[in-house]
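In: Sequence and predicted structure are below.
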Amino acid sequence: MKSGSVMDLWRSAAACALFLAMALLAGRSMATPPASATSQPDVSRDLFTETARIKNDLARYLYLREAIPQLQQRDRLIDQQLLATVEDELGLYNEAMNDFPFDNRVQTPVPLPPPTDWQSADAAGEIAKLAANRRIVMVNEAHHDAHTRELTLALLPLLRAEGFNYFAAEALSHTDTELMKRGYPISTSGSEYLHEPLYGEIIREAIRLGFVVVAYDSDAEKLADREMGQANQLYLKVFAKDPKARLFVHAGYAHIDKAAGNLGDDVKPMAMQLKQLSGFDPLSIDQTRWRDIGPMPNTDPYNQLIAQFPVDRPSVLINRQNGSVWTSDPARHDVDVILPKAGHQRRPHWLSLGDTRETRVVTSDICARQLPCVVEARYTQESDDAIPVDRYVFLTDNSMNTLYLKPGQYTLRAWDREGRTTGKRNLTVDKPGS
């Protein structure tokens, strides 16, 4: 199978996410009602193509912010997703959710589990138990919502301890042959999804723990061909070479479905096809349905569920009688994960990653009045093109915000829309109590 370029992979992923959005949204896609199309200028544009060659994430973000208001409302779906994804990559997590409050949750009525019969439990620990006798574990994400990456990071050490030895990430490119040797991803290691700091941490941690890290995405233009291509890549790179392999896969949305439907009745999802190729039934975990997408009425199923089970970390529901784990769609997923409310104190509370990261205040002074500017932290021992550990964008002068960092040595760098450095300094984050 041909290995696609970084841009081809991002285009394929964006197209797949758009198809899923169109299939699932059908009348209830956004948290706010759309404006009348007649109130928008009659302009039809392909912003993906227009931004594909823009040289950095900040310039791409500014271009999209200026271009999207010129589009007709009916043309905005993929472009709002594109904007939100870039905001996510820049650490503008709240803004990403506000600009694309994509609701892909259960479309048909689902009886919510009552607290009398179910209790919440830490998702990572319970999934690790379920994985004990499995050969494949799959977790999905919403590409513009980095909160859906916290669980994968928490699962890596637990699944490694269970004997899982391969980790596959959809955002990785086939072309970075030095990734394992280097030990961390760089800006050309994969699609733009990988530019988001938490995704970079996932790859670092997988390498540090001794996983064989696998790129598996396909640049096929047709959705059905892409699903088949992904499954073939995983089978050939993992199980065909190592019949005793145990594989952990991080994928987007419906790629982890074990039955058709969400991608169209005629499209077999990647997980479904990998099961057929390998003979192993994946443990499939969905965490895109029960998550905070911003202001919604109290009658919204997520708000009802979170009111009954007020969790403070990625959680699952365990049956009090038989110990089974709840799923709202058992034909496609084995486990539904509930993500807590994001919370807000400048930036979402989940960025603390279970209190393993410390907050450090940064101000727009480091931008030297060259605004907007990106402020990002990298491990001191890594190269200048390494995926940052955290980053944030200052749009106005005389402002401040917070970076979330583990104890360690960092280099802070600020840069403007042209990529020019406006400020740089070292930062040490000490262990608590040291």
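Out: Noted; the coordinates are in hand. Numbering: from 1, shown residues only.

In: Lowest mean pLDDT among the helices and strands of this structure, which one is it?
Out: Lowest on mean pLDDT, DSSP states H and E among the helices and strands of the chain sits helix 6-25, with a mean of 54.

In: The stretch 201-350 of the chain: helices as residue ranges?
Out: With DSSP state H, counting those that start in this stretch as the criterion, the stretch 201-350 of the chain has helices at 223-234, 270-278, 301-308.

In: Residues in contact with the longest one: which ones?
Out: For helix 223-234, the surrounding residues in contact (C-beta atoms under 8 Å, 6 or more residues apart in numbering) are 1, 12, 15-16, 19, 168, 170, 214-220, 247, 249, 251, 255, 263-264, 266-271, 273-274, 276-277. For the C-beta atoms, the positions are set from N, CA and C on the backbone; glycine is no exception.

In: Could you do stretch 358-371 as well?
Out: By C-beta under 8 Å, 6+ apart, the list of residues contacting stretch 358-371 reads 352, 373, 375, 392, 394-407, 412, 414, 416, 420, 422-423, 425, 427, 429, 432.

In: State the distance from the closest residue to E170 other than its chain neighbours to I285.
Out: Excluding the flanking residues, the one nearest E170 by C-beta to C-beta, 6 or more residues apart in numbering is A251, at 4.9 Å. A251 sits 10 Å away from I285, taking C-beta to C-beta, to the nearest Å as the criterion.

In: again, but for P314
Out: To I285, P314 is 10 Å away according to C-beta to C-beta.

In: quick one, what contacts the closest residue to F309 other than its chain neighbours?
Out: Distance criterion C-beta to C-beta, 6+ apart; nearest residue to F309, sequence neighbours excluded, is S120 at 4.6 Å. S120 makes contact with 309, 311, 315-318, 338 under the criterion C-beta under 8 Å, 6+ apart.

In: Mind listing the shared neighbours of A251 and I285?
Out: In contact with both A251 and I285: 138-140, using C-beta under 8 Å, 6+ apart.

In: any idea which of those residues is closest to A128?
Out: Nearest to A128 among the shared contacts of A251 and I285 is V139, at 12.0 Å by C-beta to C-beta.

In: To what extent is that closest one buried, counted in neighbours?
Out: V139: 25 surrounding residues under other C-beta atoms under 10 Å.

In: Over to P243?
Out: 9.

In: measure A132 to M138 for me?
Out: According to C-beta to C-beta, A132 and M138 sit 16 Å apart.

In: sorry, back to before: among the shared contacts of A251 and I285, name the ones in helices.
Out: With helices taken from DSSP state H, there is no overlap with the shared contacts of A251 and I285.

In: can I get these in CSV with distance to Q230 and pLDDT?
Out: Output for the shared contacts of A251 and I285, formatted as CSV (distance: C-beta to C-beta, whole Å; pLDDT from 0 to 100):
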residue, distance to Q230, pLDDT
M138, 11, 98
V139, 15, 98
N140, 13, 97
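
In: Between P314 and I285, which contacts overlap?
Out: Taking C-beta under 8 Å, 6+ apart as the criterion, P314 and I285 both touch 123, 151, 337.

In: between the residues you listed, which is nearest T356?
Out: After measuring the shared contacts of P314 and I285 against T356 - C-beta to C-beta - the closest member comes out as L151, at 14.0 Å.

In: what's the burial count for that closest one?
Out: Counted with other C-beta under 10 Å, the neighbours of L151 add up to 23.

In: Do I have it right that it meets N140?
Out: No - L151 is beyond contact range of N140, at 9.9 Å (criterion: C-beta atoms under 8 Å).

In: what do those two both touch?
Out: Both L151 and N140 are in contact with 285, 287, where contact means C-beta under 8 Å, 6+ apart.

In: which stretches of this structure have low pLDDT?
Out: By pLDDT under 70, the low-scoring segments of the chain are 1-44, 74-75, 103-108, 433-434.

In: domain assignment for it?
Out: The domain map for the chain lists 33-99, 118-338, 357-429, with the assignment taken from automatic domain parsing.

In: so which of these comes closest to H344?
Out: Using C-beta to C-beta, the domains of the chain put domain 33-99 closest to H344, at 6.7 Å.

In: Tally up the residues packed near I306, please.
Out: I306, neighbours per other C-beta under 10 Å, totals 19.

In: Revised request: answer the last question for N322.
Out: N322: 7 neighbours (other C-beta under 10 Å).

In: Please apply the same query to the one 10 residues further on.
Out: Per other C-beta under 10 Å, the neighbour tally for R332 reads 20.

In: can I assume it is in contact with K258?
Out: Yes - assessed by C-beta under 8 Å, R332 is found in contact with K258 at 5.5 Å.

In: can you list residues touching both of the two?
Out: What both R332 and K258 touch, as defined by C-beta under 8 Å, 6+ apart, is the set 269, 284.

In: tell me the contacts of the residue nearest to E170?
Out: A251 touches 138-141, 170, 230, 270-271, counting by C-beta under 8 Å, 6+ apart.
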